[in-house]
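1. following is a predicted model, sequence given first.
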Amino acid sequence: MTETPNPHIIDADTLTGEMRPIRRCVLAIGSNLGERLASLQGAVDALADTPDVWVTSVSPVYETEPVGCPEGADNFLNAVVLIDSTLSAATLLDRALAVEDAFGRERDGTANAPRTLDVDLIVVGDRRANDENLRLPHPRAGERAFVLRPWHDLEPDAVLVDSGPIADLLEGLDQSGLKLRDDLSLEIH
Ligand SMILES: Nc1ncnc2c1ncn2[C@@H]1O[C@H](COP(=O)(O)OP(=O)(O)OP(=O)(O)O)[C@@H](O)[C@H]1O
Ligand SMILES: Nc1nc2c(c(=O)[nH]1)N=C(CO)CN2
């Protein structure tokens, strides 16, 4: 006898999924190797294609001097993506790392080595995490003009959890290494 699914029984995953809050998240994307703009656009597209992720806005693109990178590193293109998502922070991190891999990111253990694509979780709602594999808010976000400036373009009144208004943080940072690339832009498809 074949079983007819009982419409009154909701499986645990569906229930959990339905009850998860929608969190507003800020992601920073960067590239200083290969087809930089294509990689950033690929990251936006991959995020938009992710179930339970809604890309709500994408910042202007900045050309930025490398910060803390090995001698001779090339400039980055950097931007910020705002998403709404019901996914957990851990699942979002897994997705971010998978998207980096899909765009040819290689990891040889060198800190801040040139990369085709970097996708960092800056904030996931008001979630705090201090795990080796997941720190939230991103521990270096408050000192990175290449993150705060494009984020500020989208949300001038935003506050970085535990650090304060991003406008105030930006005022204290050297922004001379940032150049707005108004000849380039990222699309939400
Ligand atoms: N908020 C976060 N966003 C992204 N990765 C994180 C975060 N917190 C911890 N990580 C961990 O950092 C690890 C290394 O990331 P990655 O090599 O991209 O660092 P990076 O981008 O070079 O440096 P930085 O972390 O200073 O931006 C990832 O495997 C991930 O587990
Ligand atoms: N300009 C710039 N410098 C960096 C960047 C980046 O995205 N842009 N990312 C780093 C590690 O994530 C280290 N240094």
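-> Happy to help now that I have it. Ligands and ions are numbered 1, 2, ... in the order given.

2. please tell me I have it right and residue 40 contacts residue 117.
-> Yes. Counting by Cβ atoms under 8 Å, residue 117 is a contact partner of residue 40 at 7.4 Å. Where you see a C-beta, it was placed from the backbone N, CA and C, and this is true even at glycine.

3. between these two, what contacts are shared?
-> Each of 29-31 lies in contact with both residue 40 and residue 117 under the rule Cβ atoms under 8 Å, 6 or more residues apart in numbering.

4. tell me, what residue is most central in the protein?
-> Centrality entry for the chain: nearest residue to the mean C-alpha point is residue 27, 1.9 Å, by Cα atoms, centre = their mean.

5. so what's it up against?
-> By Cβ under 8 Å, 6+ apart, the neighbours of residue 27 are 47, 80-83, 96, 119-122.

6. tell me which parts of the protein are close to ligand 1?
-> Contact residues, the chain versus ligand 1 (Cβ under 6 Å from any ligand atom): 93, 96-97, 112, 118, 120-121, 133-136, 138, 140.

7. give me the subset of those residues touching ligand 2.
-> Among the residues of the chain next to ligand 1, proximity to ligand 2 is found for 112, 118 (Cβ under 6 Å from any ligand atom).

8. please name whichever of the residues of the chain next to ligand 1 scores lowest on pLDDT.
-> For those, the least confident position by pLDDT is residue 112, scoring 86.

9. nearest to ligand 2 within this structure, name that residue for me.
-> Scanning the chain for proximity to ligand 2 using Cβ to the nearest ligand atom identifies residue 30 as nearest, at 2.8 Å.

10. the residue nearest to the centre of the chain: what secondary structure?
-> Following DSSP: H, G, I helix; E, B strand; the rest coil, residue 27 is assigned to strand.

11. for it, name its beta-bridge partners.
-> Under the criterion DSSP bridges, residue 27 forms beta bridges with residue 81, residue 121.

12. and residue 152, which of the three is it?
-> helix.

13. which residue, other than its chain neighbours, is closest to it?
-> Distances taken as Cβ to Cβ, 6 or more residues apart in numbering put residue 166 closest to residue 152, at 5.3 Å, once the chain neighbours are dropped.

14. so who does that neighbour touch?
-> Residue 166 touches 148, 151-152, 155, 158-160, counting by Cβ under 8 Å, 6+ apart.

15. one more: residue 159?
-> Neighbour list for residue 159: 165-166 [criterion: Cβ under 8 Å, 6+ apart].

16. measure it to residue 166 for me?
-> 7 Å (Cβ to Cβ, to the nearest Å).
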